[in-house]
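In: quick check, what structure comes out for this input:
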Amino acid sequence: MSRVLIIGSGVGGIRASLEAAKRAEEVFLIERSPFIGGEISFLDRQFPTDRCCMCQMLSSSRVQEGEYCLRRSFYHPKINILTCSELLKVEGEEGAFKVTIITKSRGVNEDICISCGRCIEVCPKSIRDEFDPFSYRKAIYLNGPAPFPPIPAIDWTLCDLCSQCEAVCPTGAIDLKKKEEVKVLEVSSLILASGFLPFDPSGLTQYGYGRFANVLTSFEFERALSPLGNGPIRPSDGSIPRKVAFLLCVGSRDKEWIPCSSACCMIGIKQARILKEILPESEVVLFFMDLRTFGKTYYRYLEEAKRRGIRFVRGRVPKIWEDPLTKGLLARFLEQERIKEELFDLVVLVTGQRPPVGQKDLAKSLGIQTDEWGFIKAEGLRTSRKGIYVCGTASGPKDIPDTIIEAQAASFLATRKFELPQKYMKREIFQEEEIPKEVGLILCKCGGEIPSEEILKGMEEFFSPICEKKYLCLEKEIFPSDRFWVIGACNPYWFKRKVLNRFEEVQGVRWVNVKGILGGKREGIGTVRGLLLTERERLRRKSAGTIGHLYVKPSVLIIGGGLCGIEAAINLSREGIQVHLVEKEGKLGGILWHYPSRRGLLEEKLKEMEEGESIWVYLNSRVLSVDGTPGDFKVKVASQNEEKVIEVGAILLAIGGKSYEPKEYGYGSNPKVLLQREFEELLLSEDLRDKGIRRVGVIQCVGSRDEVHPWCSRFCCEEALKNAILFKDKNSEGEIFVFHRDINAYGLKELLYLKAREKGVIFLRCDQLPMPELSDRIRIPFDGESFEVDLLVLSVGEVPREDNFELSRILGLQLTEEGFFKEAEPKFRPLETLKEGIFLAGGCHSPRTFEEAQIQALGAVQAILGFLSKESYLSRPISVVQERWCSGCGLCVEACPYGVRFLDDEEKVARVKAPLCQGCGVCASICPNGATKLEDFEERQVIGGVELLLR
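Out: Residues are numbered from 1 along each chain as shown. I've put the predicted structure just below:
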């Protein structure tokens, strides 16, 4: 049995289910609400790209399921989605769990509902809409403009059972009996991805939320800024706000709730930036405690916000007052040691992340532990019960990229004992498509909403046969593959997928959104007829192209032998994958050897690797070149005096980063100036009191967050906090001063920050880091005073390795402005590159803590295994070259954004690396001779449709 149950359908649950489906026979995704998507369904734009990109999680190899908006639809043949469902109990053990689930009544039969919306129209009950807080919804409702599933649900707490919806339903889909269903599922493992609940600030009376009309939460303001929102207006009078305040850390980092919510700083900055885009003349002020922009490119995002004129004020606003006449909001705060008062038109409370309602009860049902805050206790991603894993904000506040990485890693742990589909790991094959002669037309009448008679008038000349269906989505008929088909119907993928399942072959099906074009009006009938005929011509004139299948070698090259590379090698080897590990140094371990507290972990991992099978290690070696295609790379490796070509299916880049080597602060010339890792070794090996060290100064962000290194190195603050606590534990009378601009103790690391303060560690905040005077005693100037210390400790950041530039050239990868390797998409594909078959993990991606690097390695292993076990990598239309028309000008080679075209020097024509082609069509548009064709979008297909319309 290889089945996985995933609890929660937010971004973590969706990603975990997609990953688990690569290996599991069946995946169950349960969601307690009627609609999937979680909190991400409220977000239209993601930092740092300021776009959505959620669809990037979908596989590009499954065309019919892979090319749609993931916020609107979600389908996978192996994933069973159970909405309105909750877990009651879990029995058994890993590999043989019995899970009892209760599914509450939706009130609407999903199998026969056509989502016509008539039930919503007649419902007399309404309540404030959770999705759009500025409007109302009915007791039977859809969650937003693009819910999934697109089937209405009844809010039983509001419904009075008047039966008006039941009376108007054309298919009898309404069920008011409130039936509940209990089922028992047998699964091998579980992943908890329950997400978070936004903090409700109603209880914080000092901010007036719920009483003052112009005080909003960040989630409400997100909806206002969305394309479908009302825009950034004052709810009190609908006017445009000229001065807006954002208050960070509302519901986080206070006496009642200590943890940091990780993403709130960036959420506030993002919304402030968007507001400045919409209202460039507006004055925007953001109040903060620490600016925790610790993610990849986040610091640059912050600096850009400052350049746009957003004003940042450090400190909390203790209270908001409302002017009863103007509804303006008065804030009193401290800035530059002066108490100020300013009047704002609008105040946005950037609220934090809390565990979802019922998480403690859920943990009890699962038999796992929670911490004092209600988050799931986990070691890495493993809960206290074997076989149950956790990802995302269920175990603590996180940002989306970290949730995605954890979802991938948790999926690997949950499926690692499942058999890989090794049968797919074969050579590359291409098979010809057979082109049917006839084109049929199927038109759905949607119960009479589509005027079929007018649309079909005269169509007999062009289509054979023509089929009319009252409700096509309810049909059970199988449509044969002896001809192409054009379908005219509505477009939601929920219904589209039902219909496509009735076809023997979906490659020859074209879809026209008739209902969407008409929009209830008859003026669009001509457009509908034209599109139906155009799609007919595209099919009829379709060339006999190829469907390519790329079969890959079950072997992986790992470049870099640090913690990340070792972790990946161990786990890939356990899956039966051959691993070639290339390390340029003379031993494995990388920077981990410099951290005495981590040496035990390193020795344990090295022992595990020695016990592993099929791992080949190449020390003192480097990669010279990479040729071939995804699944069949040929890598030339130089090992001392010998060169060797290794054939692998995938490549993992895990070369790590490099510790910044400071030339400032007297490091290297003054023995009393140490790095954090040297300070740690000193703390663990000696008693500092015996050496006369009683006062220690620490300077943060050395080699980070400056003009030369515009990024946060993420791990430095945590290392400084741990060492400061260790110093106080060993020397309670000693003093330690930490000079910093911000302390990036994100998530549950805030507890470490609190512990350090409780131990007596002194934190001194400064806008510019101090420059100490070095002599027998080190003097650190601060705020007009001078602190004498016996030892100065530098918290140095991580910088890209010099190898990055050469390796990016060899591998054909891009680097960020900072010099780290660029991923396919920052939010949703953080471990993949734009070059298929090449993956990233660890410090070469961006600075990480050691624990985060290990999780990233497991996530990369899952991504690699998914790549190696995929049957088909080329079912999409690709670019082809008509050689007799090609002049070898090279314009297409220069234009290709993926670098998959090249000139054949012997034949003097352009060639395409077919498995790498993404079918974007840039080459076809730039070719002066028409020699480049994009399959399924050839001139004769497009022009044929135009000619037919002009008849």
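In: which secondary structure state does G843 sit in?
Out: Secondary structure for G843, judged by DSSP: H, G, I helix; E, B strand; the rest coil, is helix.
In: separation between it and A153?
Out: 46 Å (Cβ to Cβ, to the nearest Å). Where C-beta positions appear, they are placed from N, C-alpha and C, glycine not excepted.
In: quick one: which of these two has more around it?
Out: G843 (30 against 22; other Cβ atoms under 10 Å).
In: number of residues surrounding the residue nearest to the more buried one when sequence neighbours are not counted?
Out: Of all residues not flanking G843 in the chain, G657 sits nearest, at 3.2 Å (Cβ to Cβ, 6 or more residues apart in numbering). Using other Cβ under 10 Å, G657 is surrounded by 25 other residues.
In: pretty sure G657 contacts V799?
Out: Yes: counting by Cβ atoms under 8 Å, V799 is a contact partner of G657 at 6.4 Å.
In: what sits against W616?
Out: Taking Cβ atoms under 8 Å, 6 or more residues apart in numbering, we find W616 in contact with 578-581.
In: ok, now V698?
Out: Going by Cβ under 8 Å, 6+ apart, the list of residues near V698 reads 720, 724, 736-739, 792-795.
In: quick one: which of the residues you listed is nearest to Q918?
Out: Among these, S795 lies closest to Q918 (Cβ to Cβ), at 42.4 Å.
In: would you say that closest one is within a strand?
Out: Yes: looking at S795 with three-state DSSP, it is inside a strand.
In: skipping adjacent residues, who's closest to it in space?
Out: Spatial nearest neighbour of S795, chain neighbours left out: C716 (4.2 Å); criterion: Cβ to Cβ, 6+ apart.
In: so what's the residue nearest to G843 scoring on pLDDT?
Out: Looking at G657, its pLDDT stands at 94.
In: okay, it and D627: tell me how far apart.
Out: Taking Cβ to Cβ, one finds G657 at 27 Å from D627.
In: quick one: buried residues of stretch 811-827?
Out: Within stretch 811-827, the residues scored as buried using 16 or more other Cβ atoms under 10 Å are 811, 813, 815-816, 818-827.
In: inside helices: which ones of the residues you listed?
Out: L811 (DSSP state H).
In: ok, so of the buried residues of stretch 811-827, who is nearest L88?
Out: For the buried residues of stretch 811-827, the nearest to L88 is K827 (34.2 Å; Cβ to Cβ).
In: dump the residue contacts of that closest one.
Out: K827 neighbours (Cβ under 8 Å, 6+ apart): 46, 49, 53-54, 56, 400-401, 404.
In: try N723
Out: 676, 679-680, 683, 793.
In: can you check L794 too?
Out: Contacts of L794 by Cβ under 8 Å, 6+ apart are 662, 665, 667, 673-676, 698-699, 702.
In: repeat the analysis, applying 7 Å as the threshold.
Out: Contacts were defined as Cβ atoms under 7 Å, 6 or more residues apart in numbering; by that measure L794 touches 662, 665, 667, 673, 675, 699, 702.
In: now it: closest residue in space, sequence neighbours ignored.
Out: V702 (4.6 Å).
In: for that neighbour, the count of nearby residues, please.
Out: 24.
In: now the element after the helix or strand hosting E852, going C-ward?
Out: Using DSSP states H and E, E852 sits within helix 850-868. On the C-terminal side of helix 850-868, the nearest following helix or strand under DSSP H and E is strand 879-881.
In: partner strands of that following strand and their direction?
Out: strand 932-934 (antiparallel) (DSSP bridges).
In: the stretch 151-300 of the chain: helices as residue ranges?
Out: 164-168, 218-225, 264-278, 298-307 (DSSP state H, counting those that start in this stretch).
In: now render the ones you listed as TSV, adding mean pLDDT, mean neighbour count and distance to V645.
Out: Shown next, in TSV, are the helices of the stretch 151-300 of the chain (pLDDT from 0 to 100; neighbours: other Cβ atoms under 10 Å; distance: least, Cβ to Cβ, whole Å):
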stretch	mean pLDDT	mean neighbour count	distance to V645
helix 164-168	97	17	68
helix 218-225	94	22	52
helix 264-278	97	22	45
helix 298-307	96	18	39
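In: now render those as CSV, adding distance to I864.
Out: Listed next are the helices of the stretch 151-300 of the chain as CSV, based on distance: least, Cβ to Cβ, whole Å:
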stretch, distance to I864
helix 164-168, 49
helix 218-225, 35
helix 264-278, 29
helix 298-307, 27
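In: do you know which of those helices lies nearest F42?
Out: So among these, helix 218-225 is nearest, using Cβ to Cβ, at 5.8 Å.
In: return the list of helices and strands in contact with that closest one.
Out: helix 264-278, strand 346-351 (3 or more Cβ pairs under 7 Å, 6 or more residues apart in numbering; DSSP states H and E).
In: most remote residue from the middle of this structure, which is it?
Out: Most distant from the centre of the chain: D776, at 51.4 Å, with distances by Cα atoms, centre = their mean.
In: check for me that that residue belongs to a helix.
Out: No: assessed with three-state DSSP, D776 is coil; it does not lie in a helix.
In: give me the phi and psi for it.
Out: Here is the backbone geometry of D776 (degrees, to the nearest 10): phi -60, psi -40.
In: quick check, pLDDT for it.
Out: In this model, D776 carries a pLDDT of 77.
In: least trustworthy helix or strand in the chain by mean pLDDT?
Out: Of all helical and strand segments in the chain, the minimum by mean pLDDT, DSSP states H and E falls on strand 429-432, at a mean of 42.
In: how about the nearest residue to V357 once chain neighbours are set aside: which residues does it bridge to?
Out: Excluding the flanking residues, the one nearest V357 by Cβ to Cβ, 6+ apart is L197, at 6.2 Å. On the basis of DSSP bridges, L197 is bridged to R354.
In: can you give me the neighbour number for L197?
Out: Other residues near L197 come to 18 when the count uses other Cβ under 10 Å.
In: distance of it from F679?
Out: From L197 to F679 the distance is 40 Å (Cβ to Cβ).
In: repeat that for W373.
Out: 31 Å.
In: then W494?
Out: 58 Å.
In: those two - which one has more neighbours?
Out: Between W494 and F679, counted using other Cβ under 10 Å, the more crowded position is F679 (24 against 20).
In: show me what contacts the more buried one?
Out: F679 neighbours (Cβ under 7 Å, 6+ apart): 723, 793.
In: helix or strand for it, just tell me which one.
Out: Using DSSP H and E, the element containing F679 is helix 676-685.
In: and the angle for the helix or strand following that helix with helix 676-685?
Out: Using DSSP H and E, the helix or strand that follows helix 676-685 in sequence is strand 695-702. Inter-element angle recorded for strand 695-702 and helix 676-685: 150 degrees (by axes from the mean of the first three to the mean of the last three Cα atoms, to 10 degrees).
In: from the chain's centroid, how far away is strand 695-702?
Out: Centroid displacement of strand 695-702 relative to its chain, using Cα atoms, centre = their mean, to the nearest Å, is 35 Å.
In: that strand pairs with which strands?
Out: Paired with strand 695-702 in the same sheet, following DSSP bridges, are strand 735-740 (parallel), strand 791-796 (parallel).
In: now the helix or strand hosting L948: buried residues?
Out: Here L948, judged by DSSP H and E, is contained in helix 939-949. Judged by neighbour count using 16+ other Cβ under 10 Å, the buried positions of helix 939-949 are 941, 944-945.
In: nearest to N230, of those?
Out: Comparing the buried residues of helix 939-949 against N230 with Cβ to Cβ places G945 closest, at 40.2 Å.
In: quick check: pLDDT value at that closest one.
Out: pLDDT recorded at G945 is 72.
In: please verify my assumption that it contacts R541.
Out: No: at 8.5 Å, G945 does not count as touching R541 under the criterion of Cβ atoms under 7 Å.
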